[in-house]
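Chemist: after the sequence you'll find the predicted model.
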Amino acid sequence: MNTFTIVGIYFIMWWIVFFIVLPLNITTHMDKGIKIKGIHGSVPINPKLIYRIIVTTIITFIILLILVAMFHFEILTMNKILGIN
């Protein structure tokens, strides 16, 4: 795998993991019973975006390391993915 491919895979995986991490452990206005005119009840009170970005980056990096190691040690190859012997 060349560098461009690894960066592309990391970019796509980062966004997938980010959208998985984003709704976890949030507290909304509806949960706290806060009613503010013009704000929907499902709006998070404190979304902690910087924390979620850091967690997403770490998780994605670990997944990418596992994927690259699997290709490097030939546990997973394109021939195995395509079913070619």
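Modeler: Received the coordinates, thanks. Since we're looking at a predicted model, the values are computed, not measured.
Chemist: now do the buried residues in the lengthiest helix in the chain.
Modeler: In the chain, with assignment by DSSP state H, the single longest helix is helix 49-72. Of the residues in helix 49-72, 52, 56, 59-60, 63-64, 67 count as buried by neighbour count, 16 or more other Cβ atoms under 10 Å. (C-beta placed from N, C-alpha, C; glycine too.)
Chemist: list the buried residues in the helix or strand just after it.
Modeler: As assigned by DSSP states H and E, the chain's next helix or strand after helix 49-72 is helix 78-82. Across helix 78-82, burial judged by 16+ other Cβ under 10 Å covers no residue at all.
Chemist: and helix 78-82, how far out from the chain middle?
Modeler: Distance of helix 78-82 from its chain centroid, counting by Cα atoms, centre = their mean, to the nearest Å, is 25 Å.
Chemist: which residues touch it?
Modeler: Residues from elsewhere that reach helix 78-82, judged by Cβ atoms under 8 Å, 6 or more residues apart in numbering: residue 85.
Chemist: likewise for stretch 52-71?
Modeler: 1, 6, 9-10, 13-14, 17-18, 21-22, 75-77.
Chemist: may I ask which two of those are separated the most?
Modeler: Across these, the longest distance by Cβ to Cβ is 33.1 Å; it joins 22 and 77.
Chemist: more crowded one of the two?
Modeler: Legend: neighbour count by other Cβ atoms under 10 Å for residue 22 and residue 77, higher for residue 22 (14 against 11).
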